[in-house]
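Student: Fold the following for me, if possible:
(2 chains)
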There are 2 protein chains.
Amino acid sequence: MRIVVLAGGIGGARFLRGLKSAVPDAEITVIGNTGDDIHLFGLKVCPDLDTVMYTLGGGIHEDQGWGRAGETFAVKEELAAYGVGPEWFGLGDRDFATHIVRTQMIGAGYPLSAVTEALCARWQPGVRLLPMSDDRVETHVLIDDPEGAEGTRKAVHFQEYWVRLRASVPAHAIVPVGADQAKPAPGVLEAIAAADVVLFPPSNPVVSVGTILGVPGIREAVAGSSAPVIGLSPIVGGAPVRGMADKVLEAVGVEATAAAVARHYGSGLIDGWLVDSVDADAVDEVEAAGIRCRAVPLMMTDLEATAAMAREALALAEEVRA
Amino acid sequence: MRIVVLAGGIGGARFLRGLKSAVPDAEITVIGNTGDDIHLFGLKVCPDLDTVMYTLGGGIHEDQGWGRAGETFAVKEELAAYGVGPEWFGLGDRDFATHIVRTQMIGAGYPLSAVTEALCARWQPGVRLLPMSDDRVETHVLIDDPEGAEGTRKAVHFQEYWVRLRASVPAHAIVPVGADQAKPAPGVLEAIAAADVVLFPPSNPVVSVGTILGVPGIREAVAGSSAPVIGLSPIVGGAPVRGMADKVLEAVGVEATAAAVARHYGSGLIDGWLVDSVDADAVDEVEAAGIRCRAVPLMMTDLEATAAMAREALALAEEVRA
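Tutor: Okay, here's the model as predicted:
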């Protein structure tokens, strides 16, 4: 079975671990969000790709969900001693090595997709990990400018909004800078075309899955796919399971409910939608929108619970196909 | 008193510490060798400049003489796990931060001299540290090619010859690639012109002091200076005090003796020369070459012994001046 998964960071990575456990023989292609990539200290950092790679490759800091296990922070401390920041972005020593290798390869002319493949040669994530695009796409967030006159707004890098500001200020718009000029990375459209199932894990529908779908050609390929497209709600009981998806949903005018996110994707894109058992009353609303819907436990509390979610998604895909 | 010192790495840095102790009120300008700079992992590494900066700034690994105190090697271990080397060059995590800041500033358009000043703003070495040149000069060493046909030679980077091969293969020539096109960094010629004394510490006469002198304009400025130019022999009792200077002296056809190194510099360049007490019988030979010479203890066993060497050098300068 060929499965394509559009993944963001922590939620996507954890779901993928469950999916691998549920269908160990499946051929899984992950299309990773690169809109949250950031250049720090002259290095290209790809947080979402790395979270998937480290999680599936056994190198992740389990409790934290991002970054490396057994991490140290000597480089960061020294950079701070030189007065070089930002200090709010947690780059550890082990993690630095990944960014050094990536930056060096990109400087040598390799596209990000080839770099990602090279990094994965070490981590052996057990999936084919593709960046959504080899072109630079950078998600910016339009916020009120605290230093400007009243009503003045400014765009900040997504990581500044997310990590430094903890999404604590209103986001007026989410702007994927460069997306309109970006091309899907080699293999992306081919993988979607060849897929038996396409899955949207419980990743952020705006700044993770939404950014991937914003690369011209990807949304069309997913919408046009003959394979069932099944999503899992990242919103449970009216709040994000993890992270601050409600904040960016608000920016795009979508209510933070399981049903509203399904309608946001729409029946033109997704065929099936899983909501959490606590949101069982949303099933009818989602089905009324032309999307087959089931209520099942959606908390990724451990590997088995996550594998069960993956099995439910694949079962719904079978149902859609039948 | 304005003192200019042409310095390599460990020997130069330790001598400078003694000099600062001997004449705490002197205005010391250090012209540092950059011929052993190397690009590793996409980062610009300046071993000699950093050794001077760390040593005088209190960050050096004392026993080792290079690199940072309390160093860790997580980044290097991770790079090795990616199969990215070289493994023979010991870049620690703390050290990496220096190279990251430097590389980022150079990428932003700052010349090496401005970058060095910025790094020194943290370390406060108590001297003005100037790279010999803002232009790239890279010392290469011509060795026998172990993989080539008999008699085939190849050029390797100085660090590969020095650190990886431990100077264990014959060096046929020392080639400062780019030196002919290099210009002295801003301030270098001005500092020499304004100097009351110019000192050559017991640094490597070929690949440290020799490389600095090889930047067009610097040798001429030193030779034409009205200030006394005093050198300290890095060769004691027919062998280098530290390092493998004898190997590179052989490559340029100079015997590894205190007197031969003095004659190699020549009376057109240096006015005075200190040899170690064990080489007292070399004094006449050096003086016969038109260079004032004294035999004094030249082992930098501790700060006081090193300060005494500096005082001897300055005393010899006074003698030359008188």
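Student: Chain B contacts on chain A?
Tutor: Selection of chain A residues close to chain B by C-beta under 8 Å from any C-beta of the partner chain yields A:41-43, A:72, A:74-79, A:81-84, A:92-94, A:96-98, A:100-101, A:103-104, A:107, A:118-119, A:122. C-beta coordinates here come from the backbone N, C-alpha and C atoms, glycine included.
Student: just checking, A:Val4 touches A:Ala193?
Tutor: No. Using C-beta atoms under 8 Å, A:Val4 makes no contact with A:Ala193, being 9.4 Å away.
Student: Which one's more surrounded, those two?
Tutor: Looking at A:Val4 and A:Ala193 with other C-beta atoms under 10 Å in any protein chain shown, you find the greater number of neighbours at A:Val4, namely 27 against 13.
Student: Tell me if that one really is in a strand.
Tutor: Yes. With DSSP: H, G, I helix; E, B strand; the rest coil as the criterion, A:Val4 is part of a strand.
Student: Just the buried ones from the residues of chain A next to chain B?
Tutor: Neighbour counting by 16 or more other C-beta atoms under 10 Å in any protein chain shown classes A:41-43, A:74-76, A:78-79, A:82, A:84, A:92-94, A:96-98, A:100-101, A:103-104, A:118-119, A:122 among those as buried.
Student: Strands of the stretch 151-300 of chain A, start to end?
Tutor: A:153-157, A:173-177, A:197-200, A:229-232, A:235-236, A:239-240, A:272-276, A:292-296 (DSSP state E, counting those that start in this stretch).
Student: who's in contact with the residue sitting furthest away from the middle of chain A?
Tutor: Distance from the C-alpha centroid of chain A peaks at A:Ala149, with 34.7 Å (C-alpha atoms, centre = their mean). Applying C-beta atoms under 8 Å, 6 or more residues apart in numbering or on different chains to A:Ala149 gives no contacts.
Student: Quick check: which element contains A:Ala305?
Tutor: Per DSSP states H and E: A:Ala305 is located in helix A:303-321.
Student: Now do the contacts for the closest residue to A:Lys247 other than its chain neighbours.
Tutor: Using C-beta to C-beta, 6 or more residues apart in numbering or on different chains and skipping residues adjacent in sequence, the residue nearest A:Lys247 is A:Ala167, 4.1 Å away. By C-beta under 8 Å, 6+ apart, the contact set of A:Ala167 is A:161, A:244, A:247-248.
Student: ok, 10 Å please
Tutor: Counting by C-beta atoms under 10 Å, 6 or more residues apart in numbering or on different chains, A:Ala167 makes contact with A:141, A:143, A:158, A:161, A:243-248, A:250-251.
Student: With A:Gly187 instead?
Tutor: With the criterion set at C-beta under 10 Å, 6+ apart, A:Gly187 makes contact with A:29, A:31, A:113, A:117, A:128, A:130-131, A:194.
Student: all helices for the stretch 51-200 of chain A, in order.
Tutor: Remark: helices assigned in the stretch 51-200 of chain A by DSSP state H, counting those that start in this stretch are A:74-81, A:93-107, A:112-123, A:158-159, A:188-194.
Student: which stretch in the ones you listed is the model least sure about?
Tutor: Between those, the lowest average pLDDT goes to helix A:158-159, which shows a mean of 92.
Student: contacting residues around that one?
Tutor: Residues outside helix A:158-159 that contact it (C-beta under 10 Å, 6+ apart): A:35-38, A:40, A:45, A:47, A:86, A:88-89, A:138-141, A:165, A:167, A:171, A:174-177, A:207, A:211, A:248.
Student: where does A:Trp162 sit relative to chain B, distance-wise?
Tutor: 23 Å (C-beta to the nearest C-beta, to the nearest Å).
Student: what do you get for A:Ser267?
Tutor: The gap separating A:Ser267 from chain B is 44 Å, by C-beta to the nearest C-beta.
Student: Repeat that for A:Ala193.
Tutor: 32 Å.
Student: re the thing from before, quick check on the residue farthest from the centre of chain A: phi, psi?
Tutor: Note on A:Ala149: backbone dihedrals following degrees, to the nearest 10 are phi -70, psi 160.
Student: Now the stretch 201-322 of chain A against chain B: closest residue?
Tutor: Proximity of the stretch 201-322 of chain A to chain B (C-beta to the nearest C-beta) peaks at A:Leu303, 25.0 Å away.
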